[in-house]
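> sequence and predicted structure below; questions after.
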Amino acid sequence: MSCAANASAKKEIASIGDRTFLGLDLSTQTLKACVLNDKLEVLKEVYVNFDSELPEFRTIGGAIIDKADNRNVTVPTIMWVKALDMLMDKLMLEGIDFGKIAAVSGSGQQHGTVYWQRSAEETLKNLSSSDFLHQQLSSSFSVTSSPIWMDSSTSKQCKQLEEAVGGPEKLAEITGSRAYERFSGSQIAKVFQTKPDAYKNTEKISLVSSFLCSILLGKIAPIDISDGSGMNLLNIRTKKWDQTLLDACGPNLAEKLGQSVPSYSDVGSISRYFKERYNFNPNCRVIAHTGDNPASLMGMRLNEGWIAVSLGTSDTVFLWLKEPKSVLDGHVLCNPIDENVYMALLCFKNGSLTRERIKNKCANGSWDIFDQLLNSTPRGNFGNMGLYYDIQEILPFLQGDYRFTKNGSTCKFTSLEVEVRALVEGQFLAKRAYAEDFGIQVGQGTKILATGGASQNKGILQVLADVFNSPVYVFKEANSAMIGAGYQAKHGLLKPSMSYGDMIYNLPQPELACEPYPDAAEIYTPMVERYRSIVKDLIRK
Ligand SMILES: Nc1ncnc2c1ncn2[C@@H]1O[C@H](COP(=O)(O)OP(=O)(O)O)[C@@H](O)[C@H]1O
Ligand SMILES: O=C(CO)[C@@H](O)[C@H](O)COP(=O)(O)O
């Protein structure tokens, strides 16, 4: 190390009150960043939207869906790298003092996998700070398009994984979930089976979260146990990979994945590339990155008694869980704050993009008109109900549009406003039905915390409050995964001297957005039962 480098290595990060934290979120449609001060207030946010700012990759909603069957869904991995180049430049243009950043953490859309070519780690270590990352990492991926969470092409591999351990119940008991098509284990198995040479040339496999972390670290970062629980490969009790499951997916998988770590782990200092190109302080620490839902749990400061509903590209329902449980519909993940507890997660694929389709069809592409239509129909929608699945849904496993009047199935509703309400009510009826099946108590005393892009929409939140017969709260900041990553940066840096609870103790409480109408239970409790029976029929058919 030169004298100058040595001196700068000793340079302290800004005084404690002056230090900042960087939180990143590589979600489906956007790469987001926030800079938080030591009080965890947001100083700056910047975004790179994939469809509009990186049009050369031709994504729609951040993904490329294979039109042949709508089941193969991927993203060119290099697009995410280029987005990071752009995000860093935006932060620089905003005048961020990178030297004050004490720690960085991040989150990523869950389940997606990145396949690092042999020698990629060498490339990561030796990046030249005068060039963009995407110019230098363009040949670092043995599989150039990463399968993401919207993919549903791996039913065959799911069956194989369940058979390897004695059935779906056993797999759910070990890993927190039965086999799901989007989970990383079956995706890796598909790569091994369909692209054996690419698999052989793969030195390491990352999740989207640990891939982002690897770039900041300048070496392959470990997978954290919380995002790792979305792979069908990790034993959620021992927090170790399950060898039988690894063997069922492909050879030498343990080496390719590396050891998993608790989500708050300090995994090293920021790489030379970021120090030289952006003037990061050499003492800036990189904290492990996690999945966007676990990061949201942190950002929403969720504790017992609350149910979180995230309305992003996917819609998810999640909550804090003290003990793991075995369920066939839904997931149990290791908790990103404390490895001795868990979180429950339900995921619905057809969230915001489906709402956008109906907005474009019925409301001229305007959320304001969408809201007017929603508000011009009564709760219960005159007995009309709709289920809309643009792509293969997870819960329930259905695709297509299904419309019902109070007398039975129909191909078309009589008005646009009925269609809009049918969509929104149908989406929340599904969430309530699956939440109840999971064992979540809905009703008396339930409090809902909403987040994600669509949580800015009061009309949508009112339907959520009514269907769940519970008040809905929001934080001013709707991007809880990004904020949660910022919190994890500080938590990981200070642990064990400061607990997460102490760290967030003085932060503002969420604000009440909507309360249910007095007739909500009377209207929606029977509708949940009707929804269950419709779904049962559709699945049987
Ligand atoms: N006013 C609004 N009403 C309903 N949905 C909205 C509104 N504003 C944004 N959205 C939705 O938010 C979505 C993006 O949410 P976001 O949480 O950023 O997604 P992700 O994190 O998955 O990339 C968009 O697809 C858009 O449909
Ligand atoms: O598959 C899941 C969770 O199991 C999704 O929730 C992804 O994590 C994508 O998240 P968003 O981009 O929609 O926030």
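Yep, that arrived. Ligands and ions are numbered 1, 2, ... in the order given.

> can you give me the strands for the stretch 351-500 of the chain?
385-389, 400-405, 408-410, 447-451, 472-474 (DSSP state E, counting those that start in this stretch).

> mind listing what the nearest residue to Lys125 once chain neighbours are set aside touches?
Closest residue to Lys125 apart from its sequence neighbours, by CB to CB, 6 or more residues apart in numbering: Gly218 at 5.6 Å. (Each C-beta comes from the backbone N, C-alpha and C, glycine too.) Residues in contact with Gly218 (CB atoms under 8 Å, 6 or more residues apart in numbering) are Leu124, Lys125, Leu127, Ser271, Arg272, Tyr273.

> does the first one touch Lys219 like I think?
Yes. Using CB atoms under 8 Å, Leu124 is in contact with Lys219, at 5.8 Å.

> more neighbours: these two, which one.
Legend: neighbour count by other CB atoms under 10 Å for Leu124 and Lys219, higher for Leu124 (22 against 16).

> shouldn't the more buried one be within a helix?
Yes. With DSSP: H, G, I helix; E, B strand; the rest coil as the criterion, Leu124 is part of a helix.

> how near is it to Phe141?
12 Å (CB to CB, to the nearest Å).

> same deal with Thr446?
44 Å.

> sorry, back to before: weakest of the strands of the stretch 351-500 of the chain by average pLDDT?
Looking at these, the lowest mean pLDDT belongs to strand 408-410 (a mean of 93).

> ok so, going back, neighbour count: Thr446 and Phe141, which is higher?
Phe141 (22 against 16).

> re the thing from before, so what sits against both of Leu124 and Lys219?
Common neighbours of Leu124 and Lys219 (CB under 8 Å, 6+ apart) are Ser271.

> and Leu373, what does it touch?
Cys362, Ala363, Leu416, Glu417, Val420, Arg421.

> can you check Lys325 too?
Val332, Gly439.

> helix/strand/coil for it?
Relying on three-state DSSP, one would call Lys325 coil.

> hmm, the lengthiest helix in the chain touching ligand 2?
The residue-count maximum for a helix in the chain (DSSP state H) belongs to helix 416-438. No. Helix 416-438 does not reach ligand 2 (CB under 6 Å from any ligand atom); its nearest approach is 12.9 Å.

> and that helix, average pLDDT?
On average, helix 416-438 scores 97.

> counting by contacts, list what that helix packs against.
Identification of packing neighbours for helix 416-438 by 3 or more CB pairs under 8 Å, 6 or more residues apart in numbering; DSSP states H and E yields strand 315-321, strand 342-348, helix 352-362, helix 367-375, strand 385-389, helix 458-468, helix 520-540.

> quick check: the farthest pair among the contacts of Gly218?
By the measure CB to CB, Leu124 and Arg272 form the most distant pair in the contacts of Gly218, at 10.4 Å.

> looking at this protein, which helix or strand does the model trust least?
Least confident helix or strand of the chain, by mean pLDDT, DSSP states H and E, is helix 3-10 with a mean of 40.

> for the next helix or strand after it, name the packing helices and strands.
Using DSSP states H and E, the next helix or strand after helix 3-10 towards the C-terminus is strand 20-26. Applying 3+ CB pairs under 8 Å, 6+ apart, we find strand 20-26 packed against strand 30-36, helix 77-93, strand 101-108, helix 208-217, helix 480-494.

> out of the ones you listed, which is closest to Leu22?
strand 101-108 (4.1 Å).

> now that closest one: how far from the chain's centre is it?
Between the centre of strand 101-108 and the centre of its chain there are 16 Å (CA atoms, centre = their mean, to the nearest Å).

> give the next helix or strand downstream of that strand.
Heading C-terminal from strand 101-108, the first helix or strand you meet, by DSSP H and E, is strand 113-117.

> and that following strand, average pLDDT?
98.

> over to stretch 61-74?
94.

> please see if that stretch touches ligand 2.
No. Stretch 61-74 stays clear of ligand 2 (CB under 6 Å from any ligand atom), getting no nearer than 7.6 Å.

> how is this structure partitioned into domains?
Residue ranges for the domains of the chain, per automatic domain parsing: 3-294, 352-473+514-540.

> dump these to a markdown table, plus distance to Leu346.
Below are the domains of the chain laid out as a markdown table (distance: least, CB to CB, whole Å):
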| stretch | distance to Leu346 |
| --- | --- |
| domain 3-294 | 10 |
| domain 352-473+514-540 | 5 |
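
> quick one: closest of those to Gly305.
domain 352-473+514-540 (6.4 Å).

> how about that closest one, does it reach ligand 1?
Yes. Under the criterion of CB under 6 Å from any ligand atom, ligand 1 is reached by domain 352-473+514-540 at Ser352, Arg355, Glu356, Trp367, Gly452, Gly453, Ala454, Gln456, Asn457, Ile460.

> touching, the second one and Phe428? I think so.
Read that as Arg355. No. Using CB under 8 Å, Arg355 is not in contact with Phe428; the gap is 11.6 Å.

> next, count neighbours for Leu416.
Count around Leu416 with other CB under 10 Å applied: 18.

> got the residues of the stretch 1-150 of the chain near ligand 1?
Ser27, Thr28, Gln29, Thr30.

> same thing but at 8 Å, please
Asp25, Ser27, Thr28, Gln29, Thr30, Lys32, Gly61, Gly62, Gln109 (CB under 8 Å from any ligand atom).

> and those as CSV, adding neighbour count?
Output for these, formatted as CSV (neighbours: other CB atoms under 10 Å):
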residue, neighbour count
Asp25, 30
Ser27, 25
Thr28, 24
Gln29, 21
Thr30, 22
Lys32, 24
Gly61, 17
Gly62, 25
Gln109, 28
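
> per-residue pLDDT, the one residue in the stretch 101-250 of the chain that gets nearest to ligand 1?
Nearest residue of the stretch 101-250 of the chain to ligand 1 (CB to the nearest ligand atom) works out as Gln109 at 6.8 Å. Here the pLDDT value assigned to Gln109 is 98.

> which residues sit in contact with it?
Leu26, Ser27, Thr28, Ile148, Trp149, Val208, Gly291, Asp292, Thr313.

> follow-up on the earlier one: and the domains of the chain, which is most packed in?
Comparing these by mean neighbour count (mean count of other CB atoms under 10 Å), domain 3-294 ranks first with a mean of 20.

> any chance of the contacts of Gln109 in TSV, plus pLDDT?
Output for those, formatted as TSV (pLDDT from 0 to 100):
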residue	pLDDT
Leu26	98
Ser27	97
Thr28	98
Ile148	98
Trp149	98
Val208	99
Gly291	98
Asp292	98
Thr313	96
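
> for ligand 2, tell me which of those residues show up nearby.
Ser27, Thr28, Ile148, Trp149, Gly291, Asp292, Thr313.

> what's the burial count for the last one?
Right, Thr313. The burial count for Thr313: 25, using other CB under 10 Å.

> wait, doesn't it sit right on Ser27?
Yes. Counting by CB under 8 Å, Ser27 is a contact partner of Thr313 at 6.9 Å.

> shared neighbours, the two?
Gly62, Gln109.

> just the pLDDT for Asn283.
Asn283 is given a pLDDT of 96.

> up against ligand 2, what does the chain have?
27-29, 62, 108-111, 148-150, 180, 182, 230, 291-293, 296, 310, 312-316, 331, 345, 347, 349, 351-352, 394, 452, 481.
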